[in-house]
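**Q** Turn this into a model:
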Amino acid sequence: MKTKTIVLLLILANSATPQNWRKVELTVYNMRGETIRTLNRQFQTAGSKAIVWDGKDQNRARVSSGVYVYSLRVGNDVAGKKMLVVR
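**A** Modelled structure (predicted):
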């Protein structure tokens, strides 16, 4: 069975001036609060962006089915949500 990719979308500020570049980082945690993987540690301009998590951990091993939490940091703002991985 082929692994489906999880795609998380985010919207940044409307203006693309240099002072509006923001550091964007997505971190996936298990329900014990352990870091599974950190993605996209880079600066982004304004606009719609996609960060793709392939369902693998830092060692590139597939994670098991279950509930995970992601934390999305854009500049100094942080938001998080739960997500479900089904294999």
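**Q** Spatially central residue in this structure, please.
**A** residue 26 (3.2 Å; C-alpha atoms, centre = their mean).
**Q** my guess is residue 87 contacts residue 65, does it?
**A** Yes - counting by C-beta atoms under 8 Å, residue 65 is a contact partner of residue 87 at 4.6 Å. From N, CA and C alone the C-beta is placed, and that goes for glycine too.
**Q** Tell me the helix or strand right after the helix or strand of the chain with the lowest mean pLDDT.
**A** Lowest by mean pLDDT, DSSP states H and E among the helices and strands of the chain is strand 6-11, with a mean of 55. As assigned by DSSP states H and E, the chain's next helix or strand after strand 6-11 is strand 22-29.
**Q** Work out the gap between that following strand and the centre of the chain.
**A** Centre-to-centre, strand 22-29 and its host chain are 5 Å apart (C-alpha atoms, centre = their mean, to the nearest Å).
**Q** Show me the contact partners of that strand.
**A** Outside of strand 22-29, the residues within contact range by C-beta atoms under 8 Å, 6 or more residues apart in numbering are 8, 10, 12-13, 35-44, 49, 51, 53, 68-75.
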